[in-house]
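# Mind looking at a prediction? Sequence and model below.
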Amino acid sequence: MAERFTKMSMAQALNRALRDAMADDPTVYVFGEDVGPLGGVFRITDGITDDFGEDRCFDTPLAESGIVGMAVGMAMNGMRPVVEMQFDAFAYPAFEQIVSHVAKTRNRTRGRITLPMVIRVPYAGGIGGVEHHCDSSEAYYTHTPGLTVLAPSTPVDAYWMLRDAIALPDPVVFMEPKKLYWGKDEVDLSTPVPGIGTAVVCREGTDATLVTYGPSVPTALEAAEAAAQEGRSLQVVDVRSLVPFDDATVCEAVRSTGRAVVVAEASGFASVASEIAARVSERCFHSLAAPVRRVTGFDVPYPPPKLERHQLPGVDRILDAVDDLQWEDQ
C-alpha cells in the first residue's frame with residue numbers, strides 16, 4: 001500500500017478491508033441484502049460491485065437462512081464468503097444455519113472440512129432504530145462453541161480485525177457497532193493491530209478498571225474522563241475479541257486496580273457482561289477490594305427510539321457503579 005496513515009470512519013475502514021481482501025484473494029466473495037449496487041444500508045460495500053463485478057459482490061433474496069446456507073456451501077468448496085446480515089435482529093432466521101452447521105462442521109467432520117466464512121452483523125443501539133433494528137445479540141453467538149466472535153470499537157481495529165477474520169480458516173461472527181460507523185480516526189494501513197484473542201488497555205488508571213467492548217468503549221472512555229475531573233483514575237480495557245477471550249490481559253488489568261465494572265449495552269441477564277464478571281471474579285478473587293459490578297442494558301425488549309437513552313449505559317450509570325465499589329474500605 002502506498003499510504004500508511006489515513007483518516008477514515010469505521011464504515012470506510014470496513015469497506016477498505018473488504019476491498020483489500022478481495023484484491024489479495026480471488027476466493028473472497030461479498031454478498032447479502034442490498035450490498036451490491038446500493039452499497040448496503042450503511043454503505044459498507046459502497047462501490048465494491050462497480051470495482052470487482054457482480055460475480056464477486058452481489059445482492060441476494062431477502063432470506064437470511066438462504067444467505068448463510070449458501071455461504072456454508074461456498075466455504076466447503078474452497079471459497080471465502082463474507083455475508084452481511086443487514087441488521088442484528090434480521091439475522092435470527094439464519095440462526096439455525098449458524099448453530100447447526102456453521103459452528104459444528106469442523107467438529108462434525110473431525111477437521112476434514114473447515115468453513116472460512118465471515119458473518120458481518122451490524123448491531124447494538126445508538127441510532128434511534130425501531131424494533132428489529134437495534135438488538136445486542138452477541139451473547140447468542142458467544143454461547144455457541146465453534147464460532148469466533150469479534151467486536152471492534154475503532155476504525156483501525158475494524159480494518160485489521162476484518163482482515164484477520166477473512167483470513168481465518170474457521171467461521172467468524174463479526175459484530176459491527178452501528179453507532180460507531182461514522183466516527184473518524186487515523187488508521188495505520190501498514191502495521192497490524194493485536195490479533196484475534198487479544199484485549200487492549202486503551203486508557204491507564206489506578207483506582208478501578210472498566211471492562212467493555214464494541215459500542216460501549218467510547219462511553220467508558222467518556223466516563224473515565226469525567227471521573228478524572230473528580231480526582232478518580234479509571235482504567236479502560238477494550239475486550240475486542242469476545243471469543244476467544246483474553247483472560248490474561250483483562251485479569252492483569254483488574255488485579256492492578258482491585259476493582260472492576262463491566263459495561264455493555266446488551267441486557268444483563270445471562271450476557272457477555274455476566275461471563276466477563278464471572279471470569280474476573282474467579283480469577284482475581286484475592287485481588288478484589290469489592291465485588292465486580294455490571295452496567296448493562298435493562299432486561300426488557302429493546303425500547304422505542306425516544307426511550308433509547310434510558311436503555312443504554314451512560315456516563316452517570318457507570319460512575320454510580322464505580323461509586324459503589326466499597327471505597328470506604330481503603
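Nice, I can see it.
# Neighbours of P61, how many?
By the criterion of other Cβ atoms under 10 Å, P61 has 8 neighbours. C-betas here are computed from N, CA, C, even on glycine.
# whoops, T191 was the one
T191: 9 surrounding residues under other Cβ under 10 Å.
# what's the answer for V201, then?
Close neighbours of V201, defined as other Cβ under 10 Å, add up to 16.
# which stretches of the stretch 1-150 of the chain have low pLDDT?
The stretch 1-150 of the chain contains residues with pLDDT under 70 at 1-4.
# can you give me phi and psi for the nearest residue to A224 once chain neighbours are set aside?
Using Cβ to Cβ, 6 or more residues apart in numbering and skipping residues adjacent in sequence, the residue nearest A224 is L234, 4.0 Å away. L234 adopts backbone torsions of phi -110, psi 130, taken as degrees, to the nearest 10.
# okay, L234: pLDDT?
With respect to pLDDT, L234 scores 98.
# so what's it bridging to?
In this entry, L234 is beta-bridged to A208, by DSSP bridges.
# got the contact list for it?
Applying Cβ atoms under 8 Å, 6 or more residues apart in numbering, we find L234 in contact with 203, 205, 207-210, 223-224, 227-228, 322.
# Which of those residues are buried? Put it as a ChimeraX command.
Here is the ChimeraX selection string for the buried members of the contacts of L234, based on 16 or more other Cβ atoms under 10 Å:
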select :203,205,207,208,209,210,223,224,227,322
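# is it possible to export the contacts of L234 to CSV including distance to V280, secondary structure and pLDDT?
Output for the contacts of L234, formatted as CSV (distance: Cβ to Cβ, whole Å; DSSP: H, G, I helix; E, B strand; the rest coil; pLDDT from 0 to 100):
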residue, distance to V280, secondary structure, pLDDT
R203, 18, strand, 98
G205, 16, coil, 98
D207, 16, coil, 97
A208, 12, strand, 98
T209, 9, strand, 98
L210, 12, strand, 98
A223, 18, helix, 98
A224, 18, helix, 98
A227, 20, helix, 97
A228, 23, helix, 97
V322, 15, helix, 97
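# Return the closest of the contacts of L234 with respect to V173.
Relative to V173, the closest of the contacts of L234 is L210; by Cβ to Cβ it sits at 24.2 Å.
# how about A11, what does it touch?
42-44, 181-182.
# quick one, strands of the stretch 1-150 of the chain?
Counting by DSSP state E, counting those that start in this stretch, the stretch 1-150 of the chain has strands at residues 5-9, 28-32, 57-59, 80-84, 118-123, 148-150.
# who does the third one touch, helix- and strand-wise?
Counting by 3 or more Cβ pairs under 8 Å, 6 or more residues apart in numbering; DSSP states H and E, the packing neighbours recorded for strand 57-59 are strand 28-32, helix 48-52.
# now the last one
In terms of contact count using 3+ Cβ pairs under 8 Å, 6+ apart, strand 148-150 is assigned the packing partners helix 138-142, helix 155-167, strand 172-177, strand 241-243.
# Recalculate using a threshold of 10 Å.
Helices and strands touching strand 148-150, by 3 or more Cβ pairs under 10 Å, 6 or more residues apart in numbering; DSSP states H and E, are strand 118-123, helix 138-142, helix 155-167, strand 172-177, strand 241-243.
# The residue lying closest to A289 once chain neighbours are set aside: how many residues sit nearby?
Counting by Cβ to Cβ, 6+ apart, G258 is the residue found nearest to A289 once chain neighbours are left out, at 4.2 Å. By other Cβ under 10 Å, the residues close to G258 number 17.
# likewise D51?
Count around D51 with other Cβ under 10 Å applied: 11.
# surely it meets D20?
No: the criterion here is Cβ atoms under 10 Å, and D51 misses it with D20 at 11.8 Å.
# Test my guess that T49 contacts P37.
Yes: assessed by Cβ under 10 Å, T49 is found in contact with P37 at 5.6 Å.
# Those two: which is more packed in?
The neighbour comparison of T49 against P37 (other Cβ under 10 Å) goes to T49, with 21 against 15.
# residues in contact with that one?
Contacts for T49 (Cβ atoms under 10 Å, 6 or more residues apart in numbering) come out as 30-31, 35-39, 55-59.
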